[in-house]
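Undergrad: all I have is the shape, not the residue letters:
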């Protein structure tokens, strides 16, 4: 197994874990209650997981672009376009979860509505992550490193 | 010396950071649509290899910068106003969150 296959696999597994991790704070924050230490940890760790997954994706992207993408295009242009869609939605997941994390951590004790908005943002990020994970599975089943 | 933020400042910063996610996503979407309007759907694998720079990285960097800039402007604007955000703000925000998610999913699929 070469290094790129390893990191591609890690990227995929962490992405699937990030989907589950993003649902957790969405559920925890839905009533807008004040965050305990455990809830803060959940918010931070789920966002860190998302950022790490995205960062690994960015690191392997240049090699993927030159080694896999052209062949993927020749095999199936539809699947290659789905990979592009996956890239775009992944950025949406990243920016939304970052936003949700900071809102949850910064919301004052009295502002339940801000925490509810954070829950909604985490929910939207989880929905996006579900689509990204599904597309990732489809694309990697056709061609990987 | 680091000054502790007041409750009002924290609240305003949290509201401004809601705009970070939105602005970054919208900026990314607009850039992609602009690229799409110039090039159309990519069809030639050789054109991918011949690209001098990776546009994906630039798109992300610009989108993050836009998000940070917009949230900074919103924060400054909120600081100049008195009082907590109105109830309607939260209703509109919630609707916008859902709308933006659906729009991003659709545009990401229709304009890969």
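TA: Perfect, I can see it now. Remember, predicted model here, so these are calculated numbers, not experimental data.

Undergrad: I'd say residue A:83 and residue A:140 touch.
TA: No. Distance between residue A:83 and residue A:140: 9.4 Å, which falls outside the contact criterion (C-beta atoms under 8 Å). C-beta here means a position set from N, CA and C on the backbone, and glycine is covered the same way.

Undergrad: check whether the helix or strand containing residue A:134 comes near chain B.
TA: Secondary structure from DSSP states H and E places residue A:134 in helix A:112-142. Yes. Shown here: helix A:112-142 in contact with chain B (C-beta under 8 Å from any C-beta of the partner chain) through A:113-114, A:116-117, A:120-121, A:124, A:127-128, A:131.

Undergrad: out of these, who's nearest residue A:20?
TA: residue A:127 (13.1 Å; C-beta to C-beta).

Undergrad: now do the SS call for residue A:110.
TA: The three-state assignment at residue A:110 reads coil, by DSSP: H, G, I helix; E, B strand; the rest coil.

Undergrad: contacting residues around it?
TA: Neighbour list for residue A:110: residue B:7 [criterion: C-beta atoms under 8 Å, 6 or more residues apart in numbering or on different chains].

Undergrad: in chain B, what residue lies closest to chain A?
TA: For chain B, the residue positioned closest to chain A under C-beta to the nearest C-beta is residue B:21, at a distance of 2.9 Å.

Undergrad: which of the residues of helix A:112-142 next to chain B has the most neighbours?
TA: Among the residues of helix A:112-142 next to chain B, the one with the most neighbours (other C-beta atoms under 10 Å in any protein chain shown) is residue A:121, at 33 neighbours.

Undergrad: residues contacting it?
TA: The neighbours of residue A:121, taking C-beta under 8 Å, 6+ apart as the test, are A:96-97, A:99-100, A:103, B:18, B:21, B:97.

Undergrad: quick check: which element contains the residue nearest to it when sequence neighbours are not counted?
TA: The shortest distance from residue A:121 to any non-neighbouring residue, by C-beta to C-beta, 6 or more residues apart in numbering or on different chains, is to residue A:100 (3.5 Å). With elements delineated by DSSP H and E, residue A:100 resides in helix A:77-106, which encompasses its position.

Undergrad: tell me what that helix is packed against?
TA: Contact here means 3 or more C-beta pairs under 8 Å, 6 or more residues apart in numbering or on different chains; DSSP states H and E; on that basis helix A:77-106 packs against helix A:3-28, helix A:37-67, helix A:69-75, helix A:112-142, helix B:7-39, helix B:55-79, helix B:87-110.

Undergrad: give me the below-cutoff pLDDT ranges for chain B.
TA: Residue ranges of chain B with pLDDT under 70: B:1-2, B:41-53, B:82-87.

Undergrad: measure residue A:5 to residue A:105 for me?
TA: Taking C-beta to C-beta, to the nearest Å as the criterion, residue A:5 is separated from residue A:105 by 36 Å.

Undergrad: those two: which has the busier surroundings?
TA: Neighbours of residue A:5 and residue A:105, each counted by other C-beta under 10 Å, are more numerous for residue A:105; the result is 17 against 12.
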